[in-house]
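A.B. asks: Provided below are the primary sequence and the corresponding predicted coordinates.
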Amino acid sequence: MKPFDYRRADDVAAAVALLSRDREAVFLGGGTNLVDHLRLGVATPGLLVDITRLPLDRIEELPDGGVRVGGTVRNSDLAADPLIRERYPVLSQALLSGASGQLRNLATTGGNLLQRTRCVYFQDVTTACNKRVPGSGCSALEGYQRYHAILGASPDCIATHPSDMAVAMAVLDAVVQVTGPDGERAVPLGDFHRLPGDEPQHDTVLRHGELVTAMDLPALPDGMTSLYRKVRDRASYAFALVSVAAALDVRDGVVADVRIALGGVAHKPWRAARAERELRGAPATDDSFRRAAEAELSAAQPVAGNAFKVPLARNTLVATLRELTGRTPR
Ligand code: SF4
């Protein structure tokens with residue numbers, strides 16, 4: 001492992017200043033992803049700026065009925081919070097489906113959002129990977145593809161984003177609060193993660209020195225109930241092959257409103273806008289759900305090793321909507 005310096009920041013301004021002065025500095029939150037990368041040689045920072053003591057560990061109600069989640073709130077605390085369980089069950093379910101209890105006790109909300117792909121080649125420094133070393137090639141194109149993208153990929157990278165939490169936040173229309181050297185800004189979650197294009201080394205639109213201070217969750221409209229469903233190779237401690245976060249409002253048998261995001265299928269949480277359009281105003285039936293899923297998946301471009309994910313995503317989406325139909329709104 002390459003030696004690095006360590007500093008603990010006492011406030012947000014100091015953390016941002018420390019990072020801004022040093023191109024080789026990175027923030028250290030729970031470390032559940034970064035420390036692995038230090039050991040593997042995937043990340044070689046010169047300085048770690050510890051942000052775990054910053055006052056960003058609160059979950060607070062906002063005056064508009066939403067909830068603000070601090071960037072260093074631990075995943076286990078967020079999943080167990082009564083406000084989150086009551087108002088955003090999809091988020092609590094997504095968090096509890098991710099990683100292990102020990103990891104959730106350490107992992108932070110901001111870090112979860114910023115975790116990097118688990119593509120095996122990204123984590124193996126002996127292989128070519130455009131995300132790790134731009135321009136070196138993509139070993140996955142002729143390699144192991146089971147966990148890779150079927151939507152929005154590029155010839156340079158077919159990796160997926162591994163977070164469950166971010167998929168739930170996408171369906172909740174979360175807004176990421178960021179502080180950086182140029183001040184504060186708010187980024188809608190849908191614009192926060194990038195598709196790979198020809199710059200797969202950039203996972204998000206975050207600039208160097210910018211810190212995720214909070215995520216704001218707007219209130220779900222009255223009548224909407226939400227659910228997270230995850231399909232994986234084993235019952236726990238596995239990343240999603242496909243996941244679905246959905247929020248649904250059915251009135252008199254008709255879909256009054258719906259939001260859908262897919263996980264495990266793209267370089268970012270995939271908001272299923274086509275499926276949503278297809279469903280609004282349609283009868284809440286299996287036929288409608290299937291048509292909507294097919295509309296969304298018509299854009300899929302799987303590779304040989306993950307073609308199975310297209311019917312898997314379609315069926316998981318239909319099953320999720322079916323389960324939500326008839327549930328008591330909350
Ligand atoms: Fe690297 Fe992306 Fe190719 Fe994986 S899919 S090897 S992360 S470039």
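C.D. replies: Perfect, thanks for sending it.

A.B. asks: what about the nearest residue to residue 131 once chain neighbours are set aside, distance to residue 243?
C.D. replies: Ranked by Cβ to Cβ, 6 or more residues apart in numbering and with sequence neighbours excluded, the top spatial neighbour of residue 131 is residue 200, at 4.5 Å. All C-beta atoms are positioned from the backbone trio N, CA, C, and that covers glycine. Taking Cβ to Cβ, to the nearest Å as the measure, residue 200 falls 22 Å from residue 243.

A.B. asks: And for residue 171?
C.D. replies: Counting by Cβ to Cβ - residue 171 and residue 243 are separated by 11 Å.

A.B. asks: In contact with residue 228, which residues?
C.D. replies: If you count contacts by Cβ atoms under 8 Å, 6 or more residues apart in numbering, residue 228 has them with 90-91, 93-94, 97, 164, 167-168, 243-245.

A.B. asks: Which parts of the stretch 201-330 of the chain are strands?
C.D. replies: Counting by DSSP state E, counting those that start in this stretch, residue ranges of the strands within the stretch 201-330 of the chain are 211-217, 225-231, 242-251, 254-263, 270-271.

A.B. asks: which other helices and strands contact the top helix by length along the chain?
C.D. replies: Determined from DSSP state H, the single longest helix within the chain is helix 309-324. For helix 309-324, the helices and strands in contact under the criterion 3 or more Cβ pairs under 8 Å, 6 or more residues apart in numbering; DSSP states H and E are strand 225-231, strand 242-251, strand 254-263, helix 286-297.

A.B. asks: As CSV, the ones you listed with distance to the ligand and mean pLDDT would be great.
C.D. replies: Listed next are the helices and strands packed on helix 309-324 as CSV, based on distance: least, Cβ to the nearest ligand atom, whole Å; pLDDT from 0 to 100:
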stretch, distance to the ligand, mean pLDDT
strand 225-231, 20, 97
strand 242-251, 17, 98
strand 254-263, 17, 98
helix 286-297, 20, 98
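
A.B. asks: Spell out which parts of this protein neighbour the ligand.
C.D. replies: When proximity is defined as Cβ under 6 Å from any ligand atom, the chain approaches the ligand at 117, 119, 121-122, 129-131, 138-140, 157-159, 200.
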